[in-house]
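K.L.:
Pasting the sequence and the predicted model now:
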Amino acid sequence: MIQTIRSDERYHFETDWLNTHWHFSFDHYHDPANMSFGPLRVFNDDVIGPAGGFPTHGHREMEIVTYVINGALEHHDDIGNTGIIRPGEVQRMSAGTGVRHSEFNHSKRDPVHLIQLWILPAVRGLEPSWEQKSFSIADRSGKLLPIAAPAGKNGNTGSPRESSASGPNTVEIHQDATIYTSLLAPGQSATHKLGEGRRAYIFVIGGNLKLNGETLGPGDQARVSNERELKLSAAAGSNAAAADFLLLDLP
């Protein structure tokens, strides 16, 4: 089953520095029928204006993954981590027993467009931690590139399995979930097989993506369950744009 939610069906909220679309109940937006999809609890499509950002605030018991589409976002936290995340980088923060952090756009001219998603960890009470990895356009062109995979190789795991998708460009999350990024040129295709009982979540950043015959446009999402194979392809044609998207493989 594939549930398609179009870009204009998402919850939209705007302030003087933030223009955001929330895929699930978050902050003041509450919909009991739209709380999560498996362990995926939050999926926010944020645009932070110049000299704007989230002041210091706290989180607990959540895996927070940040993916920047355009611009540069600075991260600070109270466990000593500082980093600037740009396109081609992915950042993971495990809030665990508690962490406070801020995120800020220091540009006086350019906005930051980012995706931030929160995944419930498989186990509670982890020590807070943070990491950031980078990848190139070539790394994700024409294929599904894993950028976040289940922890398991360093002994600090909450995951019931190790993922064969893990690698040097993947951050580790403490859940049995893998996040892929992909950039398919017009006419290119890719296939993703889902294991027994697993689901997928797809978000289109740019271009048009065909998913098992259904076309998704920029800002559209698909929530997939009870499907064993996903056939993904970018629209063909001289005027077609590359399909830029994220795919989450979830329990």
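P.N.:
Sure, I can see it.
K.L.:
got the buried residues for stretch 177-192?
P.N.:
Of the residues in stretch 177-192, those with enough neighbours to count as buried (16 or more other C-beta atoms under 10 Å) are 177-184, 186, 188, 190, 192. Glycine gets a C-beta too; all of them are placed from N, C-alpha and C.
K.L.:
quick one: which of these sit in strands?
P.N.:
For the buried residues of stretch 177-192, membership in strands holds for 178-184, 190, 192, with DSSP state E as the criterion.
K.L.:
Pipe those residues into TSV and attach distance to residue 90 per row.
P.N.:
Rendered in TSV, the data for those read as follows (distance: C-beta to C-beta, whole Å):
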residue	distance to residue 90
178	12
179	8
180	11
181	8
182	13
183	14
184	19
190	19
192	18
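K.L.:
quick one: the helices in the stretch 1-150 of the chain?
P.N.:
With DSSP state H, counting those that start in this stretch as the definition, the stretch 1-150 of the chain shows helices at residue ranges 137-140.
K.L.:
Quick check: which helices or strands does the host helix or strand of residue 201 pack against?
P.N.:
Assignment of secondary structure by DSSP states H and E places residue 201 within strand 199-206. Applying 3 or more C-beta pairs under 8 Å, 6 or more residues apart in numbering; DSSP states H and E, one finds that strand 199-206 makes contact with strand 40-48, strand 221-225, strand 229-234, strand 243-250.
K.L.:
Could you rerun that using 6 Å?
P.N.:
With contacts defined as 3 or more C-beta pairs under 6 Å, 6 or more residues apart in numbering; DSSP states H and E, the packing partners of strand 199-206 are strand 221-225, strand 243-250.
K.L.:
ok, residues contacting that strand?
P.N.:
Outside of strand 199-206, the residues within contact range by C-beta atoms under 6 Å, 6 or more residues apart in numbering are 37-38, 40, 194, 216, 218, 220-225, 244-250.
K.L.:
Mind checking the helices and strands packed on strand 199-206 for the one nearest to residue 236?
P.N.:
Proximity to residue 236 (C-beta to C-beta) singles out strand 243-250 among the helices and strands packed on strand 199-206, at 10.6 Å.
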